[in-house]
Every structure is written in structure tokens, then in C-alpha cells.
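Novice: give me a model of this one.
(chains A and B)
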Amino acid sequence: AQKVTQAQTEISVVEKEDVTLDCVYETRDTTYYLFWYKQPPSGELVFLIRRNSFDEQNEISGRYSWNFQKSTSSFNFTITASQVVDSAVYFCALSEGGGSYIPTFGRGTSLIVHP
Amino acid sequence: NAGVTQTPKFRILKIGQSMTLQCTQDMNHNYMYWYRQDPGMGLKLIYYSVGAGITDKGEVPNGYNVSRSTTEDFPLRLELAAPSQTSVYFCASSYSRAETGELFFGEGSRLTVL
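Specialist: Numbers count the residues shown, from 1 in each chain, chains lettered A, B, ... in the order given. A predicted model of the protein is given here:
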């Protein structure tokens, strides 16, 4: 069973729009970590954020914000006032404390920001 | 710091050929990983290592082999290349088990098998 679901394959927005990337996860562990990675057109994946299962506080970093809700098993990522440089593939990932901690990735959401 | 370095960046192989993708990191990380990325499929774990001399299979290990003789290096060997191994391969590393999700990735190696 897929443990990380990113249902949005591709999202297209115009610059300055807000956009939310959805991530739904599945785990039986009480200890786990959630992540978001960015893969720009250059190809290299870049770590954005890590969240542990005991901390449901939302986080904001500049134009980026993350909403973690255990009740819905979701860890959504919002970009406010999107810019062309935000165009990338974004991956959500899960690592489970009961196992090896090796992260499992979702299939990714391709975000295209048009000028 | 160079971080995680992969070579080659591009390679075309014929069916049945073999090759090794090289990966080295200079961050003294204990954990290293090989993932493959296929269009629309995310990243699939091939092999990983928790330290020199220790390796383990991931989700899609068939057709690949790895070794970890030093902390720095984690080469991925493809034996008898098949078209199904056409993919982009990423090597990654992390410092510890508790931080395994915070991966540092190489730039990727695009492999085509014809």
C-alpha cells in the first residue's frame, strides 16, 4: 500500500497566486517523520522541512508554510504569492520510527508557475 | 564542501552491458542511499548502507549491487543492463538514524539502456 499519496500530479498557477500541495500519509507507527523536498529543473533534490509526529504546530518560513494534521493524516504545503522560481517538482516523504527510518517518497507534484 | 558527488552524469548503455555509478560524500555521513526516479513514480529505494561494510536492500534491488568499503564511497553496480533500468539515479546521504529523512542528494545520473 502506498504510504505517501500526492494526488495532485501537476498544478499550474499564475505568479502571485497562492498554491497548496497536498500530502496524505499512512502509518501505524506513533513515531514518524514527515518531509518535503523540492526538485527544481536542475534536478537535484533539496530538503525543505522535517516534522515529527509529536509536533503538530504549523510552520512558516517566508512564503512557505506547512500544515500538519494528524486527524486527517495530512501534511500540506502552501506557497504564498508564488513566483516563477517556485516551479519545481515537490516531494512529500515519510520515515517511520518502528522501522529503519528510511524515508518513503510520494510520486511528487509538479508545480508550474507562469509569469 | 562538495557534498554528494555522483559520476557519471549521463550514460548510454547497450543491453547486457555492465557499469558502476560512483557516489562519494565528504560530510562524514554514516548513512548512504541509492534511489531511482522514474517519471511520475517518485523515488524508489534501491539499496542503502548504515556504515562501512554494511548494506541492505531497498524496495527495488533486483539487477543492482552495492558495496561500502569506506564511509565516503557507495558505488552502485548494474550487471547485465536492461531497458527497465533506464532511469535517473540519485545517491544521497544522511548523518544519523534519527535524521535519516534529512537527505543530502547528489545531482543525479541519467542512464539510458538501449
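
Novice: OK, contacts around residue B:58?
Specialist: A:102, B:33-35, B:44-48 (CB atoms under 8 Å, 6 or more residues apart in numbering or on different chains). Where C-beta positions appear, they are placed from N, C-alpha and C, glycine not excepted.

Novice: go through stretch A:103-115 and flag the buried ones.
Specialist: A:103-111, A:113 (16 or more other CB atoms under 10 Å in any protein chain shown).

Novice: returning to that earlier point: scan the contacts of residue B:58 and report the most crowded one.
Specialist: residue B:34 (28 neighbours; other CB atoms under 10 Å in any protein chain shown).

Novice: close to chain B: what parts of chain A are there?
Specialist: A:4, A:9, A:33, A:35, A:37, A:42-47, A:50, A:91, A:93, A:95, A:100-108 (CB under 8 Å from any CB of the partner chain).

Novice: whichever of these end up buried, select them in PyMOL.
Specialist: The buried residues among these can be selected in PyMOL (16+ other CB under 10 Å) with this line:
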select buried, chain A and resi 4+33+35+37+43+44+45+47+50+91+93+95+100+101+102+103+104+105+106+107+108
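
Novice: just give me the neighbour total for residue B:51.
Specialist: Counted with other CB under 10 Å, residue B:51 comes out at 12.

Novice: what sits opposite it in the beta ladder?
Specialist: Here residue B:51 sits in beta bridges with residue B:54, going by DSSP bridges.

Novice: repeat that for residue A:96.
Specialist: Residue A:96 has these beta-bridge partners by DSSP bridges: residue A:32.

Novice: wait, isn't it in contact with residue A:32?
Specialist: Yes. The pair residue A:96 and residue A:32 qualifies as a contact (CB atoms under 8 Å) at a distance of 4.9 Å.

Novice: shared neighbours of those two, anything?
Specialist: Shared contacts of residue A:96 and residue A:32 (CB under 8 Å, 6+ apart): none.

Novice: how about the strands of the chain, start to end?
Specialist: Chain wasn't specified; assuming chain A. Taking DSSP state E to define them, one finds strands in chain A at A:4-5, A:10-14, A:19-21, A:24-25, A:32-39, A:46-52, A:59-61, A:64-69, A:74-79, A:88-96, A:104-105, A:109-114.

Novice: hmm, no, I was thinking of chain B.
Specialist: B:4-7, B:10-13, B:19-25, B:31-37, B:43-51, B:54-57, B:64-66, B:76-78, B:87-94, B:104-105, B:109-113.

Novice: contact partners for residue B:62?
Specialist: No contacts exist for residue B:62 under CB under 8 Å, 6+ apart.
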